[in-house]
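In: quick one, structure for this:
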Amino acid sequence: MKFWKHTFVAVAAFLAVSSTVVYTSCEKDACLDLKCMNGGACTDGFCSCPTGFEGVTCDEFTAGKFLASFYGETRCVEDTTEYPYIIDTIDIYLRDSTTLTLVQHSKLADTFFGTVEPVDKNIGVASRYLIIPTDTVGNFVRKVKVELHDNRRLTVYTQRTRTTDSVKTDCEFIGYKKTTIQ
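Out: From the prediction side, this is the model:
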């Protein structure tokens, strides 16, 4: 009887250990609980977001963080001449579903159009930069760099180079997003 008792205990222990090993070695699909929105697709537990969306579940409109009025100051330097600061405002709004329009009140003639592109579409992280292509207007070549810091401080670097004599004017706007009081 002792033999059968020891055999039964050994078989039960073996089955318990084997079941535990098999059960714990199974990997749960990380995408089962993750619901990607706006056409995003889950791969290895991360949402791959389509252009125009970001976030863990692709639920944030990428350009949305740029859409606002920013109040601040602009300062320009032409060659070696520094001009005083100007109190200024920049408005950014949608031109179409992917293109943003940037209007600087002190330079209404300089209206820029740009897009926000993702840094890594596989993890839904978008750039904090607004991409504005270099363009030529009249006798000037314009280069613009727009950066949003912490979703509230906007920096706009503008360089205009006159094609006739290569004189450069560098301007920098630093402003903060207008907060809405409800």
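In: could you list the low-pLDDT ranges of this structure?
Out: Flagging of the chain using pLDDT under 70 yields the residue ranges 1-4, 6, 8-28, 117-127, 179-182.
In: run the last query once more with 50
Out: 121, 124, 181-182 (pLDDT under 50).
In: ok, residues contacting stretch 170-179?
Out: 68-78, 88-90, 104, 107, 151-160 (Cβ atoms under 8 Å, 6 or more residues apart in numbering). Bear in mind the C-beta positions are built from the backbone N, C-alpha and C, glycine included.
In: show only the entries of the residues you listed found in strands.
Out: Secondary structure from DSSP state E places 68-78, 88-90, 104, 153-160 of these in strands.
In: buried ones among those?
Out: 68-70, 72, 74, 76, 88-90, 104, 154, 156, 158-160 (16 or more other Cβ atoms under 10 Å).
In: so which of those residues comes closest to Arg128?
Out: Comparing these against Arg128 with Cβ to Cβ places Leu154 closest, at 10.0 Å.
In: I figured that closest one hits Phe70, correct?
Out: Yes. Leu154 is within contact range of Phe70, at 4.4 Å (criterion: Cβ atoms under 8 Å).
In: can you check which residues contact both of those two?
Out: Common neighbours of Leu154 and Phe70 (Cβ under 8 Å, 6+ apart) are 90, 92, 173, 175-177.
In: give the buried residues for stretch 45-62.
Out: 46-50, 52-55, 57-62.
In: which one of the buried ones among the ones in strands among the contacts of stretch 170-179 is nearest Lys168?
Out: Using Cβ to Cβ, these come closest to Lys168 at Gln159, 6.1 Å.
In: re earlier: which two from the buried residues of stretch 45-62 end up farthest apart in space?
Out: Largest separation among the buried residues of stretch 45-62 by Cβ to Cβ: Phe46 and Phe61, giving 19.0 Å.
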